[in-house]
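In: Let me see the structure of the following:
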Amino acid sequence: MLRVEGLEAAYGDSQVLFGMELAIDHGALVTLMGRNGMGKTTTVRAILGLTPPRAGSVGFEGREIAGWPPHRIARLGIGFVPEGRRIFPRLSVRENLVATARSGEGGGRDWTLDRVLDLFPRLAERIDAMGGQLSGGEQQMLAIGRALMTNPRLLLLDEATEGLAPLIRREIWRSLSRLKREGLAILLIDKHVEPLLDLADRHFVIEKGRCVWQGSSAAFRTAMEEIKRRWLGV
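Out: Numbering: from 1, shown residues only. Got it, this is the predicted structure:
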């Protein structure tokens, strides 16, 4: 579904990505791991066109999209849950969700308000609350729900459970597992390694703007101590 090859990106004179490689199959859940500042967020931003690539290829469903404007990329069916959630604090939960709603392919709307509320019952309980009144976990659920209302075929999540309590993290991971079972492809950035090994199909580790390791969860478990020591430890 998505293939990233030789991707380079920079902020002004500061280059961040140096030939980044990444691939996601239809219906797969893939993680992108690495220490802070290694280029995870920049990879996602370059895929989405928010940080235009300087070189390399971004292919989505057989089309080359590197350099496309973000709104055009989003319309292909790529949803985004940014780090920090960025929900609308002065809009209600209902308004946050319906503000981004768009029809899926063929004119049908697979993700409706009712379906998002079924995925996240907490949002149903807070449906008329303002976004700024929600807890951090509820805001993250809202951010995921808002992205789903665009009816994506690929969902990108940056720091999906950062700063959340363990109980809320498990609820987010359960929801992502359900989305995967329903056939949604997912690229997930998250720091909690062990739960991701049960959740994801494949893992990519980034170091200084390059992919330095990739493999299945089984392969990751075998090499976990070395991977943590070399590329994930503080």
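
In: Give me the mean pLDDT for the longest helix anywhere in the chain.
Out: For the chain, the helix with the greatest residue count under DSSP state H is helix 166-181. Rounded to a whole number, the mean pLDDT of helix 166-181 is 93.

In: From the rest of the structure, what touches it?
Out: 27-29, 119-120, 135-137, 140-141, 144, 148, 155, 157, 160-161, 164, 186, 188, 192, 195, 199 (CB atoms under 8 Å, 6 or more residues apart in numbering). Where you see a C-beta, it was placed from the backbone N, CA and C, and this is true even at glycine.

In: before we move on, what about stretch 220-234?
Out: For stretch 220-234, contacts defined as CB under 8 Å, 6+ apart pick out 33-35, 193, 197, 203, 205, 207, 212-213, 215.

In: filter the residues you listed to the buried ones?
Out: The neighbour-count criterion (16 or more other CB atoms under 10 Å) marks 33-35, 203, 205, 207, 213 among these as buried.

In: show me where the protein has helices.
Out: Going by DSSP H, the chain shows helices at 40-48, 70-75, 93-98, 113-119, 121-125, 136-148, 166-181, 193-199, 217-222, 224-227.

In: List the buried residues in the shortest one.
Out: Within helix 224-227, the residues scored as buried using 16+ other CB under 10 Å are residue 227.

In: Tabulate the CA atom coordinates of that helix in PDB.
Out: Only the C-alpha atoms of helix 224-227 are listed here, as PDB (Å, rounded to 0.1, in the frame of the first residue of the first chain):
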ATOM      1  CA  MET A 224      15.300  -7.200  21.400                       C
ATOM      2  CA  GLU A 225      18.200  -6.700  23.800                       C
ATOM      3  CA  GLU A 226      20.600  -5.600  21.100                       C
ATOM      4  CA  ILE A 227      17.900  -3.400  19.400                       C
END
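
In: got the domain boundaries for this structure?
Out: 2-77+153-232, 89-151 (automatic domain parsing).

In: right, and those domains - which one's nearest residue 83?
Out: domain 2-77+153-232 (4.2 Å; CB to CB).

In: And that closest one, end to end?
Out: 25 Å (CA to CA, to the nearest Å).

In: re the thing from before, got JSON lines for the domains of the chain, with distance to residue 83 too?
Out: Shown next, in JSON lines, are those (distance: least, CB to CB, whole Å):
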{"stretch": "domain 2-77+153-232", "distance to residue 83": "4"}
{"stretch": "domain 89-151", "distance to residue 83": "10"}
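
In: In terms of mean pLDDT, which of these ranks lowest?
Out: Across the domains of the chain, domain 89-151 gives the lowest mean pLDDT, at a mean of 89.

In: start to end distance for that domain?
Out: Start-to-end span of domain 89-151 (CA to CA) is 22 Å.
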